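[1] make a model of this:
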Amino acid sequence: MLFSALIGGKIIAMKGPFDSISNESFIVAIIFAIIGHLSSNRLSNDSRISIPLYISSIIIILLLLVSGFTGIHEWPNYYRNILGYITLAFISLCAGILSGDMKSPPWMGNLLFKQHILPQMKKNDLMFLHWDGEGVMSIIEINDVVMEWIESRKMVTINELTLDQFSPVCFDERRGVLTPGLEQLKEIYSIYPTLCENSMKTHLKLLEKGYKRICWLNLLQIIIPKSPSSLAQERKWMQTNSNVAKINETSRKFSWPLPESVQIMKHSMLTKPLLNYCLSEKDRDDIQPIELEIVEQLFPKLESRSQAYGNLLRSFTHLLVVLRQEMELTSGSTKKQCRISITELSQWFKSLNLQQELFPENGRETYFVNLEQWSSWVEKSLIQPATVFLRLHDLLSEEVTSDDSDHQGDLNSGIAGLINECTRRVIETASFRPKDNFDNDDYIVSSFISDAGGNRKIAMLVGIWKMLLLASLLKKKEEVTI
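    Residues are numbered from 1 along each chain as shown. Alright, predicted model coming up:
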């Protein structure tokens, strides 16, 4: 159509804006059409550009009207050429824009979202919560949102960040906490026709993904480090809990539900550090700054052992996720054993700030255990707790006797203390426990081989988790045979 106008303008008998421009005008038309096509999203979404374009179109229309009424054939060629090239460039640019990203339904959905959903979100006091790949949380007000549809990636962005890193959030004035706003957003969606909803479904899908991601990050970065014992609660009670989180560099109360299910099927999540994977899905095995920051907050006295505690935090996190999964999938005595295990492990974990002798300094290499390995160990321990306990007892005792050098003295003392504490607790659960038999090896073995009651099995399991955490910190998982 554009080329037809150009050709027609050059062969028509009456003079017009295109009759005196050169043949190179076709090149100008092609160049501006390509610019418009490639920059369609930016030119139509960025108000700093789209508004001047809109004003320019009005000016060009007025110029063409004026030229028509005043007799453009009487204008000097110079002015006719200028008007012709400007009109040509503008029409070519608009043609390119219309043939670019604008032609896709998601682009139209993005326009609808910006013009209708965002104002409704602001009216309902909804904001966007962003949780970046380094574990930093921030609130984005609706007025600060620059939303774009990236056709080449089939992705929506907010301020050049992918939408699946965000979730709607609102402030609960009654409780004084930040809470999820996804349900309120769905209510806003429901007032629009189905056709509009369908065109905006990509946005809702990405925000739901962001919501689920934040559910996991809240569990891994906030709940487990700060209040791990809350994982022993039933889900309906956990929903009312809140923790303090740093958001926009300010401490604020934050309440977010658990993931719908903590059962993990994705292989990459089973084999990698879970927090790192949920933050960025990158292959990062090294202790990350956010993990060191958590360690420093939890264990301020143990700076020289931060690497060991970083790996311990990973293993502890993975173990609690597996135990919580067992809680949700089982019932009866197994569910009770996992619940009490979480509670007692949480109390022990919080006391580690005063037990630095249990862990090596940063010079020694330490390890962590992934979810896949914990799932295997937990399954075996629940079936044969006595056998696993005795094997770990022997494994750690061997660690103590294999190196009695002076620099290993404090660590050996800490390991021996943990072994004795776990063993003593199991023996004390027996109905008959003469004190003079605590150090008798035959009595210890018979205590474990005998039919273990509920309390004794729980004592054994808690001891197993503690010894496994320590053994897997000092040895590679292949060396921890149970």
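
[2] which SS class is H130?
    Classification of H130 using DSSP: H, G, I helix; E, B strand; the rest coil returns strand.

[3] do you know the pLDDT at it?
    Predicted confidence (pLDDT) for H130: 96.

[4] what number of residues lie near it?
    21 (other CB atoms under 10 Å). All C-beta atoms are positioned from the backbone trio N, CA, C, and that covers glycine.

[5] just the one 4 residues further on next, same as before
    The tally of other residues near E134 (other CB under 10 Å) stands at 11.

[6] right, and it touches E291 too?
    No: using CB atoms under 8 Å, E134 is not in contact with E291; the gap is 10.7 Å.

[7] ranges for the strands of the stretch 151-300 of the chain?
    Ranges of strands within the stretch 151-300 of the chain are 155-158, 161-162, 166-172, 177-180, 243-247, 250-254, based on DSSP state E, counting those that start in this stretch.

[8] burial of L470, as a residue count?
    22.

[9] any idea which element M127 lies in?
    Assigned by DSSP states H and E, M127 falls within strand 126-131.

[10] orientation of that strand relative to strand 243-247 in degrees?
    90 degrees (axes from the mean of the first three to the mean of the last three CA atoms, to 10 degrees).

[11] which strands border strand 126-131, and is each parallel or antiparallel?
    strand 137-140 (antiparallel), strand 166-172 (antiparallel) (DSSP bridges).

[12] please work out which of those strands is packed deepest.
    strand 166-172 (a mean of 21; mean count of other CB atoms under 10 Å).

[13] for that one, what does the pLDDT average out to?
    Mean predicted confidence for strand 166-172 is 93.

[14] distance between it and the chain's centre?
    Taking CA atoms, centre = their mean, to the nearest Å, one finds strand 166-172 lying 15 Å from the centre of the chain it belongs to.

[15] can I get that strand in PDB, CA atoms only?
    In PDB, the C-alpha atoms belonging to strand 166-172 read as follows (Å, rounded to 0.1, in the frame of the first residue of the first chain):
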ATOM      1  CA  PHE A 166       7.300 -11.100  41.100                       C
ATOM      2  CA  SER A 167       4.100 -11.700  43.000                       C
ATOM      3  CA  PRO A 168       1.200  -9.400  44.000                       C
ATOM      4  CA  VAL A 169       1.400  -8.400  47.600                       C
ATOM      5  CA  CYS A 170      -0.800  -6.400  50.000                       C
ATOM      6  CA  PHE A 171      -0.500  -4.900  53.500                       C
ATOM      7  CA  ASP A 172      -2.800  -6.500  56.100                       C
END
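
[16] would you mind pulling the contact partners of it?
    Here strand 166-172 makes contact (CB atoms under 8 Å, 6 or more residues apart in numbering) with 121, 124-130, 139-140, 158, 177-182, 184-185, 207, 210-211, 213-214, 255.

[17] now with 6 Å?
    Residues outside strand 166-172 that contact it (CB atoms under 6 Å, 6 or more residues apart in numbering) are 125-130, 158, 178-179, 181-182, 185, 210-211, 214.

[18] and stretch 338-357, what's buried?
    338-346, 348-349, 352, 356-357 (16 or more other CB atoms under 10 Å).

[19] actually stretch 111-127, not the one I wrote
    Result for stretch 111-127 [16+ other CB under 10 Å]: buried residues L111, L112, F113, K114, H116, I117, L118, Q120, M121, L126, M127.

[20] need these in JSON lines (columns: pLDDT and secondary structure).
    Compiled in JSON lines, the buried residues of stretch 111-127 are given as follows (pLDDT from 0 to 100; DSSP: H, G, I helix; E, B strand; the rest coil):
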{"residue": "L111", "pLDDT": "84", "secondary structure": "helix"}
{"residue": "L112", "pLDDT": "89", "secondary structure": "helix"}
{"residue": "F113", "pLDDT": "93", "secondary structure": "helix"}
{"residue": "K114", "pLDDT": "91", "secondary structure": "helix"}
{"residue": "H116", "pLDDT": "92", "secondary structure": "helix"}
{"residue": "I117", "pLDDT": "95", "secondary structure": "helix"}
{"residue": "L118", "pLDDT": "95", "secondary structure": "helix"}
{"residue": "Q120", "pLDDT": "95", "secondary structure": "helix"}
{"residue": "M121", "pLDDT": "95", "secondary structure": "helix"}
{"residue": "L126", "pLDDT": "96", "secondary structure": "strand"}
{"residue": "M127", "pLDDT": "96", "secondary structure": "strand"}
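
[21] from the contacts of strand 166-172, which single one is nearest Y54?
    Nearest to Y54 out of the contacts of strand 166-172 is I158 (CB to CB; 23.9 Å).

[22] how much space separates that closest one from P289?
    Taking CB to CB, to the nearest Å as the measure, I158 and P289 are separated by 24 Å.

[23] which of the two has more residues huddled nearby?
    I158 (18 against 10).

[24] surely the more buried one and I150 touch.
    No: counting by CB atoms under 6 Å, I150 is not a contact partner of I158; they are 11.5 Å apart.

[25] ok, which of the strands paired with strand 126-131 comes nearest A308?
    strand 137-140 (27.2 Å).

[26] okay, the very next helix or strand once past the closest one in PDB with CA atoms only?
    As assigned by DSSP H and E, the chain's next helix or strand after strand 137-140 is strand 147-150. Listed next in PDB are the C-alpha coordinates belonging to strand 147-150 (Å, rounded to 0.1, in the frame of the first residue of the first chain):
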ATOM      1  CA  MET A 147       5.700  -3.400  32.000                       C
ATOM      2  CA  GLU A 148       6.700  -4.700  28.500                       C
ATOM      3  CA  TRP A 149       5.900  -7.700  26.400                       C
ATOM      4  CA  ILE A 150       9.100  -9.200  24.800                       C
END
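
[27] so what pLDDT did M265 get?
    62.

[28] now R80
    pLDDT at R80 comes out at 67.

[29] out of the strands of the stretch 151-300 of the chain, which comes closest to P273?
    Going by CB to CB, the one of the strands of the stretch 151-300 of the chain nearest P273 is strand 243-247, 20.4 Å.

[30] buried residues in that closest one?
    Buried, per 16+ other CB under 10 Å, within strand 243-247: N243, A245, I247.

[31] the second one reaches K253, doesn't it?
    Read that as A245. No: under the criterion of CB under 6 Å, A245 is not in contact with K253, lying 8.0 Å apart.
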